Each structure stands twice: as structure tokens, then as C-alpha cells.
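Enquirer: sequence-free structure coming up:
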């Protein structure tokens, strides 16, 4: 785990009440196996609230005043997580802040708990949606992925990447203007390279 800048740590301690104990909890969560999910939920809330403050006008002003220049990547590195997992923890923290019952329902529904599993559970509407989804899939054939296209955020010059999947049942998942533009761009470059 990266070391946090002492000035930045002090700034957070003075301005974000939820940050208190976050780094110690982060270290413990990374080294622990048992009860990890509960600890990740607690940590994710601290991370989310700290991240919200860091992005807020108040946070930006405090950083400017303290002479601290920090990119999103620098902020993420403080916690010691890769980009995708950091985003998942921030989203779990947001869920913890706004819809704690969904997390409780998730914990009641499974013994194999994970941050990603909880976010997927929440996205699917919780236990009811999960049960409905199981019923639907029993009567229908399961489709398989025939082709996948994905582009990282860096390639798109955006905050979020894009991906599309072509399924054996003829459906295409993940169709957005951004994913179509990215695929068209890739195909144009491939044509140029093929003809060169």
C-alpha cells in the first residue's frame, strides 16, 4: 500500500470526519481473510465520503490552499488499489450510504460475499430480481457469447470504458453511442493496416 502524504492526511483528518481510521482499516482489510466483506463495506463508506470531499469545491480549495496537487490516479494510489477495484469500492460506499438494506439483503442471500457480487446484486434489483431472473432462465436456453469488443477509458479519452457482446441468441449487449464509435474507429484503423 502506498504511503499517504502527511500534509494530505492531516487535511483529510481535519475536513472529513469519516476519514478517521480509514487507512488503518484499509491495511487491516487487505491483510485479513475472515469477515473481509463486512470490513470492505465499512472501508468503502469511508473511501466514498473522502472521495466526495476530495472532489468537492471545498476539497479542491483546501488542497489549493495547502499547495497539494493531486490527480485522481494519485488519490487512488493512496489507497493501494487498482482502478477497477477502487471504483467498485467507491460504488459500494455510495450504496452503503444510500441503500444499506440492499447490502443486508445481499449478505442474507449468499455466503460467498464479494464487493463485485454485491454491486451486481444491487444492479439487478436485489433478491427479488435475482429470483425472477432464475425463473426466466430455467424456461429458456442460455445464450453464449460469440464475440466481444471492449475499449478502455484511456483509448476513448473518457472516464469510463465501453464494451459490447454479441450473443448466440442474436442480442447485442452494451450498445451505446460511445461503444459504437469506438468499434467503428477500430475497424477503420484495421482496414488501413490491412491495406497497407
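Expert: Yep, that arrived. These numbers were taken from a predicted model, which means no experiment stands behind them.
Enquirer: In this structure residue 115 contacts residue 86, no?
Expert: No: if you go by CB atoms under 8 Å, residue 115 and residue 86 don't touch, sitting 10.6 Å apart. Every residue, glycine included, has its C-beta placed from N, CA and C.
Enquirer: gap between residue 110 and residue 101?
Expert: The gap separating residue 110 from residue 101 is 16 Å, by CB to CB, to the nearest Å.
Enquirer: between these two, which one's more packed in?
Expert: residue 110 (14 against 8; other CB atoms under 10 Å).
Enquirer: what's that one sitting at in phi/psi?
Expert: phi -150, psi 150 (degrees, to the nearest 10).
Enquirer: can you check the one 3 residues further on too?
Expert: Per-residue torsions, residue 113: phi -100, psi 140 (degrees, to the nearest 10).
Enquirer: Give me the domain ranges for the protein.
Expert: Using automatic domain parsing, the domains assigned to the chain come out as 6-138, 143-195.
Enquirer: okay, and the helix or strand of this structure with the least pLDDT?
Expert: One helix or strand of the chain scores below all others by mean pLDDT, DSSP states H and E: helix 126-139, with a mean of 43.
Enquirer: next helix or strand past it?
Expert: Downstream of helix 126-139, the next assigned helix or strand under DSSP states H and E is strand 145-151.
Enquirer: Show me the least confident stretch of the domains of the chain, going by mean pLDDT.
Expert: Per-stretch mean pLDDT for the domains of the chain is lowest at domain 143-195 (a mean of 77).
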